[in-house]
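J.: Just need the structure, nothing else, for what follows:
(one chain, ligands or ions: 1)
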Amino acid sequence: MTHTVAFTNIGQLVTNNEQLGEGMLGVIENAGLVAVDGAVTWVGDSKDVASHSDVAAVDMHGRVVIPGFVDSHSHIMFAGDRSQEFAARMAGIPYSAGGIKTTVNATRAASDDELRQNAARLIAEMRESGTTTVEIKSGYGLDVANETRSLRIAREFTQDTTFLGAHVVPAEFSNAPDDYVDLVCEAMLDECVPYSTWIDVFCDTGAFTTEHTRRILTAGMARGLKPRIHLNQLTQGDGIAMAVELDCASADHLTYLSDDDIATLASSNTVAGLVPGAEFSTRAPHYPRARDLIDAGVSVALSPDCNPGSSYTTNMPFCIALAVREMHMTVDEAVFAATHGGAQALRRTDVGHLRIGAQADFVVLDAPHYIHLAYRPGVPLVHSTWQHARMTFTKGDRA
Ligand SMILES: [Zn+2]
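T.: All right, here's what the predicted structure looks like:
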């Protein structure tokens with residue numbers, strides 16, 4: 001039996017396809033949408049819905065529908081809490097990569113069920129703010145058994161799992177980082193590959209050098225994993241050329257970027273994954289140069305970078321507001337980056353848009369215009385979230 005859903009009276013439908021509607025977001029006013037068995041089968045004028053489906057259509061009362069957000073960067077396999085560290089940082093102690101070790105200790109001590117329940121709680125938060133696709137990284141186990149189980153549990157939630165054994169060098173290897181890189185490239189990779197799609201490295205001061213990063217990514221690629229990278233969050237490093245050479249799907253953070261870095265990215269297929277929640281939550285001296293990246297032709301993705309240390313938010317609309325206010329992206333660019341950009345960063349063509357054939361993942365907004373995502377920061381505008389054409393969250397209708 002087929003499962004069909006149909007909607008009429010959508011005030012604005014964001015398709016992310018210029019051929020289907022106005023502007024870069026392909027906006028159709030007063031639209032209709034039909035989805036069958038989890039995929040979009042028709043979009044167009046509201047009055048034509050009945051001729052494209054045989055079910056009773058849901059009246060959207062002028063609400064906005066946009067593609068579900070695609071979060072291409074999350075660290076939700078962890079246990080514990082670092083609120084004290086956050087409070088201390090806000091009182092003047094600077095952020096460093098070292099705080100990750102606090103979470104490593106808590107994660108190693110947690111049961112499988114504790115890790116699973118924490119991830120499920122955060123994914124529920126994501127759904128409530130409109131995220132329908134998520135990438136999940138390991139990186140708080142930092143030994144063979146704990147990295148493996150992090151990825152095994154992450155696979156229960158998404159196919160886009162990322163082996164980040166090279167998040168930081170764990171305390172027990174602090175005097176022998178080369179030995180830790182050997183472990184990551186050999187025994188740890190052996191165990192983690194079956195549960196991983198991607199491989200990632202934190203390439204920065206206090207984490208891994210460019211040489212170590214190249215070695216680790218290359219080892220993962222030789223085992224069939226696809227590369228992505230954390231780069232230039234804390235300092236201006238020299239890793240961009242390597243990231244592009246290895247065809248990383250995304251280079252994330254990029255708080256520090258030279259003009260040459262931007263030109264190199266512009267000549268590549270590597271997406272700039274910007275995570276302004278991290279600059280916000282670490283009170284970084286500045287945000288990434290999103291305007292310059294976009295003007296140079298670089299594809300940009302936005303993500304909350306949910307993690308317990310430097311950006312403990314799951315909320316994509318918050319990142320859209322930051323992107324517009326702090327990084328000088330237009331509202332259209334920010335909404336596109338949070339949807340289509342995230343899909344590009346995961347090299348997926350089935351999500352991040354609402355063309356015919358797309359996975360029917362979308363978000364209904366209690367708002368007359370998608371601009372409200374940036375215009376009304378902090379306000380929960382998501383009326384309902386749909387994944388594979390089924391409603392997975394609704395806050396219901398207010399009287
Ligand atoms: Zn990250």
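J.: C-terminal to the lowest-mean-pLDDT helix or strand in the chain, which secondary structure element comes first?
T.: Sorting the helices and strands of the chain by mean pLDDT, DSSP states H and E puts helix 83-90 at the bottom, at a mean of 90. Later in the chain than helix 83-90, the nearest helix or strand by DSSP states H and E is helix 100-109.
J.: relative orientation of that next one and helix 83-90 in degrees?
T.: 170 degrees (axes from the mean of the first three to the mean of the last three CA atoms, to 10 degrees).
J.: Which residues does helix 100-109 contact?
T.: For helix 100-109, contacts defined as CB atoms under 8 Å, 6 or more residues apart in numbering pick out 77-82, 85, 115, 139-143, 146, 150, 167-168, 170-171, 308-309. Bear in mind the C-beta positions are built from the backbone N, C-alpha and C, glycine included.
J.: cool, stretch 112-127 as well?
T.: Contacts for stretch 112-127 (CB under 8 Å, 6+ apart): 69, 71, 74, 76-79, 107, 110, 134, 136, 149-150, 153-154, 156-157, 306, 314-316, 385, 387, 392-393.
J.: Which of these are buried? Put it as a PyMOL command.
T.: Filtering the contacts of stretch 112-127 down to the buried ones (16 or more other CB atoms under 10 Å) takes a single PyMOL command:
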select buried, resi 69+71+74+76+77+78+79+107+110+134+136+149+150+153+154+157+306+314+315+316+385+387+393
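J.: Please flag which of the contacts of stretch 112-127 sit within helices.
T.: 107, 149, 150, 153, 154, 316 (DSSP state H).
J.: between those, which is closest to residue 190?
T.: residue 149 (14.7 Å; CB to CB).
J.: Now do the buried residues in stretch 375-389.
T.: Here stretch 375-389 shows 381, 382, 383, 384, 385, 386, 387, 389 as buried, counting by 16+ other CB under 10 Å.
J.: What is the end-to-end distance of that stretch?
T.: 28 Å (CA to CA, to the nearest Å).
J.: mind showing which ranges of the protein have poor pLDDT?
T.: 95-98, 398-399 (pLDDT under 70).
J.: can you rerun that using 90?
T.: Along the chain, the parts satisfying pLDDT under 90 run over 1-2, 54, 84-85, 88-89, 92-102, 205-206, 234-237, 396-399.
J.: show me the biggest helix of it in terms of residues.
T.: For the chain, the helix with the greatest residue count under DSSP H is helix 112-128.
J.: chain center to that one: distance?
T.: What separates the centre of helix 112-128 from the centre of its chain is 15 Å, taken as CA atoms, centre = their mean, to the nearest Å.
J.: C-alpha coordinates for it, CSV please?
T.: What follows is helix 112-128, C-alpha atoms only, in CSV (Å, rounded to 0.1, in the frame of the first residue of the first chain):
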residue,chain,number,x,y,z
ASP,A,112,26.1,2.0,26.1
ASP,A,113,22.6,2.9,27.1
GLU,A,114,23.7,6.2,28.6
LEU,A,115,25.5,7.1,25.3
ARG,A,116,22.5,6.0,23.3
GLN,A,117,20.0,7.9,25.4
ASN,A,118,22.1,11.1,25.4
ALA,A,119,22.3,11.0,21.6
ALA,A,120,18.6,10.2,21.2
ARG,A,121,17.8,13.2,23.4
LEU,A,122,19.9,15.5,21.3
ILE,A,123,18.5,14.2,18.0
ALA,A,124,15.0,14.8,19.4
GLU,A,125,16.0,18.4,20.1
MET,A,126,17.3,18.7,16.5
ARG,A,127,14.0,17.4,15.1
GLU,A,128,12.1,20.0,17.2
